[in-house]
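S.K.: turn this into a model:
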Amino acid sequence: MTNKPQQEQNTESAIKIRQVTDVHSNWSSQGPLENGKFSYQLILDNGAEEALIMPTADDAKVLRDLLHDADSVFWDTEREVLIFGKIQSPRQQRHVQAGVLRGSDPYRAGMQRTVTDS
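M.R.: A predicted model of the protein is given here:
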């Protein structure tokens, strides 16, 4: 049993959705000529809790991209579901990295705009 007061323990156990604040990835060998296994350790709310998911190799690629592209990620601890916030398209990411988009998303407004620094 932990030293946390009972009320704090009840609050912690009542939280069903936690923010993914860090992700550790792992691949482990399953022997010669065998497919390895992938896993992602999800660090939730800066270490308040952790979760382990073990996707297939194909799913691991998709998850890697979604984890990278989402502005926020949450884990439903009860249903074991990842919830992704806003996803930027690769095109939007290139423009953001190039400094083209500042403060607004012209693609959502249906027009393209280039902002230059003065």
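S.K.: what strands line up against the host helix or strand of residue 27, and which way round?
M.R.: Element membership of residue 27, judged by DSSP states H and E, is strand 17-28. Strand 17-28 sits in its sheet next to strand 37-44 (antiparallel), strand 73-76 (antiparallel), going by DSSP bridges.
S.K.: list of residues touching that strand?
M.R.: 36-49, 60, 64, 67, 72-77, 82-83 (Cβ atoms under 8 Å, 6 or more residues apart in numbering). (Glycine included, C-beta is placed from N, CA and C.)
S.K.: now which of the residues you listed would you call buried?
M.R.: By neighbour count, with 16 or more other Cβ atoms under 10 Å, the contacts of strand 17-28 hold 38, 40, 42-45, 60, 67, 73-75, 77, 82 as buried.
S.K.: mean pLDDT and distance to residue 26 for the strands paired with strand 17-28 - can I get that in CSV?
M.R.: Shown next, in CSV, are the strands paired with strand 17-28 (pLDDT from 0 to 100; distance: least, Cβ to Cβ, whole Å):
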stretch, mean pLDDT, distance to residue 26
strand 37-44, 96, 5
strand 73-76, 96, 17
